[in-house]
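Asks: A structural model of the following input is requested.
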Amino acid sequence: MFGLVFPNRSFPLDISTFTQIDTFHWVLDMNHFVGEEYDSIRDVCIFLLNNFTLPPDKALAVYIQSPGSTFLFCGAVTVSRPSAVLSLPWPEPGSNAAQLQLTAPDVPPLSAKIGVSVEDLAALPSLDVAAEKKIERLALKVGENLFNFMQSFCGVDGSKLVVPMDILDRWFKKFQERSKRDPEYLKGFAL
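Replies: You can find the predicted model right below:
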């Protein structure tokens, strides 16, 4: 039906690696794969196998779950998009206290999981969640860079910050020059 690869971390894994919950849901326990280092796995490539086709109105959705947290949608594959590399933005463990799962002392600790399910395509959020999150992080980091630059030149007039009129031009010129000099500079903004 499907397979997945953790880039630079695994060989292709097929559906047999997952625990099947029911006809349309599978879970991969990350403890068996990487133990408590689950958050070091930042990407997953999921793909439909050649002999399996989803109906055009269905998708194979991918979710992640940190210990004690709820599942978080990461993206999906469809017949028209049979493979995808998805970012795995692991939530902080226990970040949803209302959904915290408690275990008895003799039960193994909670583990991170990757969930895969067949779902209606129309019911899913945008399939490119990772790209949207990256763009949001990029915008926030560029804005923070601009704010810090402006702060170093500003004065205070009552409750207002006063900056030179050409501050945006100076910042943008410096930003462009640094980007040309150091190709890795912009990659730091996209993390």
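Asks: can you list the low-confidence ranges for the protein?
Replies: 51, 93-109, 126-132, 190-191 (pLDDT under 70).
Asks: which helix in it runs the most residues?
Replies: Determined from DSSP state H, the single longest helix within the chain is helix 129-151.
Asks: and that one, how far from the chain's centre?
Replies: Helix 129-151 sits 16 Å away from the centroid of its parent chain (CA atoms, centre = their mean, to the nearest Å).
Asks: tell me which residues are up against that helix.
Replies: Helix 129-151 has contacts (CB atoms under 8 Å, 6 or more residues apart in numbering) with 73-75, 86-87, 89, 126, 161, 163, 167-168, 170-171, 174-175, 188-191. In short, each C-beta sits where N, CA and C put it, glycine included.
Asks: so which of the residues you listed belong to strands?
Replies: 73, 74, 75, 86, 87, 161 (DSSP state E).
Asks: from the residues you listed, list the buried ones, please.
Replies: Buried members of these, counted by 16 or more other CB atoms under 10 Å: 73, 74, 75, 86, 87.
Asks: can you name the residues that contact the last one?
Replies: Contact partners of residue 87, counting by CB under 8 Å, 6+ apart, are 42, 43, 74, 130, 133, 134.
Asks: can you tell me which of those residues has the most neighbours?
Replies: residue 74 (23 neighbours; other CB atoms under 10 Å).
Asks: just the helices in this protein please.
Replies: Under DSSP H, the chain gives helices at 30-34, 129-151, 167-181, 184-190.
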